[in-house]
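> Let me see the structure of the following:
(one chain, ligands or ions: 2)
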Amino acid sequence: MSELVIVANRLPVDQVIDDDGGISWRRSPGGLVTALEPVLRSNEGAWVGWPGGVDQQLEPFVSEGLHLVPVSLSASEIEEFYEGFSNGSLWPLYHDVVAKPEYHREWWDSYVAVNQRFAEQAAAVAATGATVWVQDYQLQLVPQMLRELRPDLRIGFYLHIPFPPSELFAQLPWRRQILEGLLGADLIGFQLAGAAQNFVRLVRNRVGHRTHRERVYLPDGREVRAAAYPISIDAAEFEDLARSPEVARRAEEIRESLGSPKKIFLGVDRLDYTKGIFARLRAYAELVEGGHLSVEDAVFVQVATPSRERVEEYRILRDEIDRLVGRVNGDLGQLGRPVISYMHSSMPREELAALYRAADVMVVTPFRDGMNLVAKEYVACRYDDAGALVLSEFAGAANELRQAWLVNPYDINGMKTALLDACQAPEKEQSRRMRAMRRTVTERDVAKWAGDFLGDLTAVNPDQDLTLRPDFDY
Ligand code: ADP
Ligand code: G6P
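Numbers count the residues shown, from 1 in each chain. Ligands and ions are numbered 1, 2, ... in the order given. Sure thing, here's the model as predicted:
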């Protein structure tokens, strides 16, 4: 029984089965795991989530000091709940319909069934009066389901991705159920204040509850608070990694292996259509084609983690990027000097830190992104105050990292100008901007984020009787 339970669609590690049947564990992709893993490490607790495969019936286990509680998904649930409703309906809808969302009733039924399973599993491992912190768009019904099972719990919910404007949210055939599901929480956290305001307005207009500023008043006397808590990283850990002699050596090796160019541009993303990878590579290629940058002097390193590969939109994106990189390198590259050095793979953190250290210009250009932790990781690694960050104004991070070269990723010419400005800026200007961003990233790290959220969670409904645990048996 745990006093703190994190509930997220994925466990922080995925189970991998080798060709010879051996089992190993690999870090799961994405920013949610990057942010929450250190939080669970410094607070004793359990993490409830899916281990990434089909029908795995696994007992709770401990991995590198973390207490993990697996939830099994069947093949049809992976298709309908995970690839379908979570990543074919909600993900594109919540990211400004960058791709067209699809709505299918059987996907929704699976979403309800899987959310119920997560709620039951969380109810089974939470101690009396415990705090349960539910994460992200895949589990928006869990707060209400869990409250029905365990009214003694304090329940928090955090949305890692953007919350859409009301006009888009209104498309969702199950919009009311989602709002009611979330209202099972005492505190609902968003990346940006505008998202929290959107949510409260929707609750007032679509569910009809009384609201005032950040608060929703439910008919049973309970209050729900919705507010912004911009997520972050363990900045000190990234900085330590970047300062290590091994990473410094590896950063030099990387530069040499690229032919010691004067400028290294870098992109690091999950291969996702929200990240704007295609547009940024096109902008860069046009700069080379136009003679503003040369293949002797500059290279663009793009690392893309494989993601959601069975979802059609992701397959299409991968093919488009393969084609673009092939064409650009074929047309403009020289022997041993590609324009774009592209890797479709996941990398150890040490390698990422070395890439961040080696990169003169970090290019982060999503069309829409809840926060974007890659931008913060780059800043955390630049203890030398060098390097330049080109950042989309549509990433949550742009709210805090105001000193980046901010761009509109839909404006290719604007991006070209920003890439050149960032790379040609005098060292003094680069370090002035980097110093200011480093102050923000160091002061507002993930420990502060979690401390603020969990502190505020205990302050909502302070009179709630946390000892009232109903009879409960699984
Ligand atoms: P998202 O959560 O949408 O994937 P973020 O930028 O917030 O976007 O977080 C991505 C996380 O995944 C970061 O912590 C980053 O270091 C990590 N990551 C991205 N690409 C890779 C890669 N190729 N190999 C390993 N980790 C990666
Ligand atoms: C984003 C989402 C997370 C998700 C991650 C990786 O960070 O906010 O909820 O876990 O991407 O995506 P995946 O579908 O592989 O879990």
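
> distance of residue 332 from ligand 2?
Distance, residue 332 to ligand 2, using C-beta to the nearest ligand atom, to the nearest Å: 33 Å. C-beta: built from backbone N, CA, C; applies to glycine.

> From residue 10, how far out is the closest residue to ligand 1 within the chain?
Going by C-beta to the nearest ligand atom, ligand 1 is nearest to residue 31 of the chain, at 2.6 Å. From residue 31 across to residue 10, the span is 12 Å (C-beta to C-beta, to the nearest Å).

> what sits in contact with each of these two?
Between them, residue 31 and residue 10 share no contacting residue under C-beta atoms under 8 Å, 6 or more residues apart in numbering.

> Please work out how many residues are found near residue 435.
Number of residues near residue 435 (other C-beta atoms under 10 Å) recorded here: 12.

> Now find how far off-centre stretch 316-325 is within its chain.
Once both centres are worked out by C-alpha atoms, centre = their mean, to the nearest Å, stretch 316-325 turns out to sit 23 Å from its chain's centre.

> ditto for stretch 312-332
24 Å.

> start at 28 instead
I'll keep to 28 as the first residue from here, and by that count the last item is stretch 339-359.

> could you give the mean pLDDT of it?
Stretch 339-359 carries an average pLDDT of 98.

> cool, and stretch 85-97?
Here the average pLDDT along stretch 85-97 is 94.

> contacting residues around the residue nearest to residue 400 when sequence neighbours are not counted?
Spatial nearest neighbour of residue 400, excluding adjacent residues (C-beta to C-beta, 6 or more residues apart in numbering): residue 58 at 4.2 Å. For residue 58, the contact set (C-beta under 8 Å, 6+ apart) comprises 187, 258, 397, 398, 399, 400, 401.

> what's the closest non-adjacent residue to the third one?
Pointing back at residue 397 there. Using C-beta to C-beta, 6+ apart and skipping the chain neighbours, the partner closest in space to residue 397 is residue 188 (4.2 Å).

> Let me know the distance separating the residue nearest to residue 400 from residue 373.
Counting by C-beta to C-beta, the gap from residue 58 to residue 373 is 14 Å.

> How about residue 274?
18 Å.

> what about the two, which has more around it?
residue 274 (22 against 17).

> Convert the C-alpha atoms of the host helix or strand of that one to CSV, please.
Secondary structure from DSSP states H and E places residue 274 in helix 272-284. Below are the C-alpha coordinates for helix 272-284, written out as CSV (Å, rounded to 0.1, in the frame of the first residue of the first chain):
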residue,chain,number,x,y,z
PRO,A,272,34.6,14.2,-18.8
GLU,A,273,33.1,11.3,-20.8
VAL,A,274,30.4,13.4,-22.2
ALA,A,275,32.9,16.2,-23.0
ARG,A,276,35.1,13.7,-24.8
ARG,A,277,32.1,12.3,-26.7
ALA,A,278,31.0,15.8,-27.8
GLU,A,279,34.4,16.4,-29.4
GLU,A,280,34.3,13.0,-31.0
ILE,A,281,30.9,13.8,-32.5
ARG,A,282,32.2,17.0,-34.0
GLU,A,283,35.2,15.3,-35.5
SER,A,284,33.1,12.4,-36.9
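
> So which residues make contact with it?
So helix 272-284 is contacted by 268, 288, 291, 377, 378, 380, 381, 382, 384, 385 (C-beta under 8 Å, 6+ apart).

> coming back round to it: how about the secondary structure of the residue nearest to residue 397?
coil (DSSP: H, G, I helix; E, B strand; the rest coil).

> Give me the neighbour count for it.
22.

> count of neighbours near the closest residue to residue 316 other than its chain neighbours?
Spatially, and ignoring its direct neighbours in sequence, residue 316 is nearest to residue 359 (6.1 Å; C-beta to C-beta, 6+ apart). By the criterion of other C-beta under 10 Å, residue 359 has 16 neighbours.

> Now do the residue nearest to residue 397 against residue 167, distance only.
Counting by C-beta to C-beta, the gap from residue 188 to residue 167 is 11 Å.

> And residue 230, by the same measure?
Residue 230 sits 13 Å away from residue 167, taking C-beta to C-beta as the criterion.
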